[in-house]
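> Provide a 3D model corresponding to the input given below.
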Amino acid sequence: MLAKVLIGVLVVLAALLVFISTRPAEFRVERSTVIAAPAEEIHGRINDLREWRAWSPWAKLDPKARYTYEGPSAGVGAVSRWAGDHQVGEGSMTIIESRAPERVKFRLDFLKPFKATSTAEFVLAPVDGGTRLTWSMSGTNDLLGKAIGLVMDCDRMVGAQFEKGLTDLKMLCEERS
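Residues are numbered from 1 along each chain as shown. Next comes the predicted model:
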């Protein structure tokens, strides 16, 4: 009887692993807003990593998080490292592309609560009434990431943080314009 239960458990685990492995590896989260401010001003707030604490949703999740900066103060090669509580984790972001006033692209390296590497990008485009700002993050999930995706919706979780960040950045830029 015990052998049958053990075989049944192994069959269920094998089926679960097969199912998880068939899940999509690629992910993308994206949110946009229109800000009534010039693209140059918005780009400057994104391109200078020291400005992020004024509008980043993760800075508000853990106000006691530690931040350090390396490289230039802004643009390609600028690095921000953070270490915070369980909501913020630990990691770094590095600007890998910056084209004023239309784009800033980052490499995100997460160390805690789990290791992962993603790409984040801000794209700015002129529209009637200001600038459309689109914030996206994309990457590839390994088997563990695919398994976590079965119980946690990355788009909903990260997307909600993007929406908060875009709202705060919008308020900050519009009050100065």
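> show me where pLDDT drops low in the protein?
176-177 (pLDDT under 70).
> In PDB, please show the C-alpha coordinates belonging to the helix or strand harbouring Met137.
According to DSSP states H and E, Met137 maps onto strand 130-140. Extracted in PDB, the C-alpha atoms of strand 130-140 (Å, rounded to 0.1, in the frame of the first residue of the first chain):
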ATOM      1  CA  GLY A 130       2.500  66.300 -22.800                       C
ATOM      2  CA  THR A 131       4.500  63.100 -23.000                       C
ATOM      3  CA  ARG A 132       3.400  59.500 -23.000                       C
ATOM      4  CA  LEU A 133       5.700  57.500 -20.600                       C
ATOM      5  CA  THR A 134       5.700  53.700 -20.900                       C
ATOM      6  CA  TRP A 135       7.500  51.700 -18.200                       C
ATOM      7  CA  SER A 136       8.100  48.000 -19.000                       C
ATOM      8  CA  MET A 137      10.000  45.100 -17.500                       C
ATOM      9  CA  SER A 138      10.800  41.900 -19.300                       C
ATOM     10  CA  GLY A 139      12.800  38.800 -18.800                       C
ATOM     11  CA  THR A 140      13.000  35.000 -18.800                       C
END
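> For it, which strands pair with it and how are they oriented?
Each strand paired with strand 130-140, and its direction, by DSSP bridges: strand 26-35 (antiparallel), strand 116-127 (antiparallel).
> Quick check, central residue of the protein?
Met137 (5.2 Å; CA atoms, centre = their mean).
> any idea how far it is from Pro63?
23 Å (CB to CB, to the nearest Å). From N, CA and C alone the C-beta is placed, and that goes for glycine too.
> How many residues are close by Leu10?
10 (other CB atoms under 10 Å).
> same deal with the one 10 residues further on?
A total of 17 residues lie near Ile20 under the criterion other CB under 10 Å.
> residues contacting it?
Listed by CB atoms under 8 Å, 6 or more residues apart in numbering, the contact set of Ile20 reads 143, 146-147, 150.
> Any of the residues you listed buried? List them.
Among these, those scoring as buried are 146-147 (criterion: 16 or more other CB atoms under 10 Å).
> who touches the lengthiest helix in the chain?
The longest helix of the chain (DSSP state H) is helix 154-176. Residues from elsewhere that reach helix 154-176, judged by CB under 8 Å, 6+ apart: 27, 29-33, 35-37, 41-42, 45-46, 54-58, 60, 133, 135, 137.
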